[in-house]
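S.K.: fold the following.
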Amino acid sequence: MGAVYQIYGQDAHAMTQALLEASDAIKLVPPGGSVALKPNLVIAGDPESGATTHAGVLSGAVEYFRKHGVKDISIIEGSWVGDETMRAMRRAGYDAVCERYSVPFFDLKKDRTREIDTAAGPVSVCCRALDAGLLVNLPVLKGHCQTVMTCALKNLKGCLPDREKRRFHSMGLTRPIAALGAAMKPRLTLVDSLCGDLDFEEGGNPVRTNRMYLGTDAVQLDAYGCRLMGLSLDRVPYIALAEQYGGGSTQIREEDIVSLNEPDADSVSSPRPSGTVANLTRRVRQDRACSACFAALVRALHATGRGGRQDIFIGQGWRGKKISGLGVGNCCRGASRCVPGCPPAAVDIAEELI
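M.R.: Residues are numbered from 1 along each chain as shown. Reported below is the predicted structural model:
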């Protein structure tokens, strides 16, 4: 357990650099050591669809570590079984990052492997992930059709050869994901939560939060991700299991959250033109709602299945007004029932909805 640094904005490159600077991440790199950046490229999908890590996260990380004297920097990833990693990296714009900074990209599907001991038995892991001086985990916070949520711990599955990915599914995912995370225990994770999908790892229903966060405890970061998505920890059992295996702590104290800035009041959110989000928010009365606040509400509605059951008020346009009904965020303190916060946590909204 440690500090969780978070930042709001829309410039992934600048936000990444700010998080790395604030956390003094260079101290995690051994003298003369290499840095391997491990994004999420589950499929050949546009990052704006909510499926893959934004290219700006990679460019921001490359510039930060270069500036601090790291010469050996690479990007490593293996897409899911059935898709081509190199096709996915081009679709996400990583080829431009590699060319601009002269950074190599390694397809882990073609890498050598080495067995490591885990609580679920021996697991073959790609050598480039194991041998990096610092493995920087760069997941997307998003929903998942089998595990409900995917973020820091599950992103490590991309460090496996395809045969192990298949075996993890045959084992039911929960235990092997927890065991792998506890065994690898990445020392730095930066979460791209700019617009993760609601419930599907392939994207399609993105919800823009304009948020990114960073920490050194993958278990803690996943627990925080649950909170941001309005999910109780028991909905994503591999997180608590990873804690039992010694992978980190699920505890999040208020003093652990270090916010580098506040949500941009000018960044107004509205539902994306997708059936899922539009259906969830059909009774939401939003008037100039900030993206972080609106996204927390959408995720809470999705997590509880309470979309469309009552009128909900959100946004700066309701500030100072008397409202008969449920208000979300500090701007709606005049509501007869209010979930305060700027922005409020999705889990707190969910509790009020249930």
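S.K.: surely residue 137 forms part of a strand?
M.R.: Yes - under DSSP: H, G, I helix; E, B strand; the rest coil, residue 137 falls within a strand.
S.K.: which ones are touching it?
M.R.: Each residue near residue 137 by CB atoms under 8 Å, 6 or more residues apart in numbering is listed here: 38, 152, 155-156, 186, 188-190, 218. Backbone N, C-alpha and C define where each C-beta goes, glycine included.
S.K.: skip the chain neighbours and tell me the closest residue to the residue nearest the centre of the chain.
M.R.: What sits nearest the mean C-alpha location of the chain, by CA atoms, centre = their mean, is residue 141, with 2.5 Å. What sits nearest to residue 141 in space, not counting adjacent residues and going by CB to CB, 6 or more residues apart in numbering, is residue 193, at 4.1 Å.
S.K.: burial of that neighbour, as a residue count?
M.R.: 24 (other CB atoms under 10 Å).
S.K.: what's the pLDDT at it?
M.R.: pLDDT recorded at residue 193 is 95.
S.K.: for it, grab phi and psi.
M.R.: phi -120, psi 30 (degrees, to the nearest 10).
S.K.: same question, the one 4 residues further on
M.R.: Main-chain dihedrals, residue 197, degrees, to the nearest 10: phi -70, psi 150.
S.K.: hang on, the earlier thing: pull the most distant pair out of the contacts of residue 137.
M.R.: 156 and 190 (13.9 Å; CB to CB).
S.K.: more neighbours: the two, which one.
M.R.: Set residue 156 next to residue 190 and count neighbours by other CB under 10 Å: residue 190 wins out with 27 against 23.
S.K.: what are the bridge partners for the more buried one, then?
M.R.: Assessed by DSSP bridges, residue 190 has beta-bridge partners residue 214.
S.K.: give me the residues contacting stretch 76-87.
M.R.: 36-44, 88-89, 105-109, 111, 126, 128-129, 132, 158-162, 165-166.
S.K.: which of those residues fall within helices?
M.R.: 88-89, 128-129, 162, 165-166 (DSSP state H).
S.K.: and residue 303, what is it in contact with?
M.R.: Residues near residue 303 by CB under 8 Å, 6+ apart: 229-231, 235, 346, 350.
S.K.: what packs against the worst-scoring helix or strand of the chain on mean pLDDT?
M.R.: The helix or strand with the lowest mean pLDDT-type score in the chain, counting by mean pLDDT, DSSP states H and E, is helix 275-280 (a mean of 74). Contacts defined by 3 or more CB pairs under 8 Å, 6 or more residues apart in numbering; DSSP states H and E place helix 275-280 against helix 291-304.
S.K.: after the helix it packs on comes which helix or strand?
M.R.: strand 312-314 (DSSP states H and E).
S.K.: what pairs with that next one, and is each one parallel or antiparallel?
M.R.: strand 284-286 (parallel), strand 323-328 (parallel).
S.K.: check contacts around residue 190.
M.R.: Residue 190 touches 16, 19-20, 57, 61, 136-138, 212-214, counting by CB under 8 Å, 6+ apart.
S.K.: give me the mean pLDDT for stretch 123-131.
M.R.: 98.
S.K.: what separation is there between the residue nearest to residue 26 when sequence neighbours are not counted and residue 24?
M.R.: Take residue 26 and drop its neighbours on the chain: the residue closest to it by CB to CB, 6+ apart is residue 68, 4.2 Å away. The spacing between residue 68 and residue 24, counted by CB to CB, to the nearest Å, is 10 Å.
S.K.: go on, residue 186?
M.R.: Distance from residue 186 to residue 24, by CB to CB: 17 Å.
S.K.: more neighbours: these two, which one.
M.R.: Ranked by neighbour count (other CB under 10 Å), residue 186 and residue 24 place residue 186 first, with 25 against 9.
S.K.: by mean pLDDT, show me the worst of the strands paired with strand 312-314.
M.R.: strand 284-286 (a mean of 88).
S.K.: give the buried residues for the helix or strand containing residue 13.
M.R.: Here residue 13 sits within helix 12-23, counting by DSSP H and E. Neighbour counts using 16 or more other CB atoms under 10 Å place 12-13, 15-20, 23 of helix 12-23 among the buried residues.
S.K.: other SSEs contacting that helix?
M.R.: Against helix 12-23 (3+ CB pairs under 8 Å, 6+ apart) you get strand 4-8, helix 55-67, strand 188-193, strand 211-215.
S.K.: which residues touch the longest one?
M.R.: In this case it means helix 55-67. 11-17, 20-21, 25-26, 29, 35, 37, 39, 47, 73, 75, 92-94, 96-97, 100-101, 103, 136, 138, 190, 192, 212.
S.K.: what pairs with the helix or strand following that helix, and is each one parallel or antiparallel?
M.R.: Downstream of helix 55-67, the next assigned helix or strand under DSSP H and E is strand 73-77. Sheet pairing of strand 73-77 (DSSP bridges) gives strand 35-39 (parallel), strand 105-107 (parallel).
S.K.: can you tell me which of those strands is most buried?
M.R.: Comparing these by mean neighbour count (mean count of other CB atoms under 10 Å), strand 35-39 ranks first with a mean of 26.
S.K.: show residues contacting that strand.
M.R.: 29, 52-53, 57-58, 61-62, 65, 70, 72-77, 92, 94, 128-129, 132-139, 155-156, 158-159.
S.K.: and residue 144, what are its phi and psi?
M.R.: phi -150, psi 140.
S.K.: what of the one 3 residues further on?
M.R.: Backbone geometry at residue 147, expressed as degrees, to the nearest 10, gives phi -110, psi 10.
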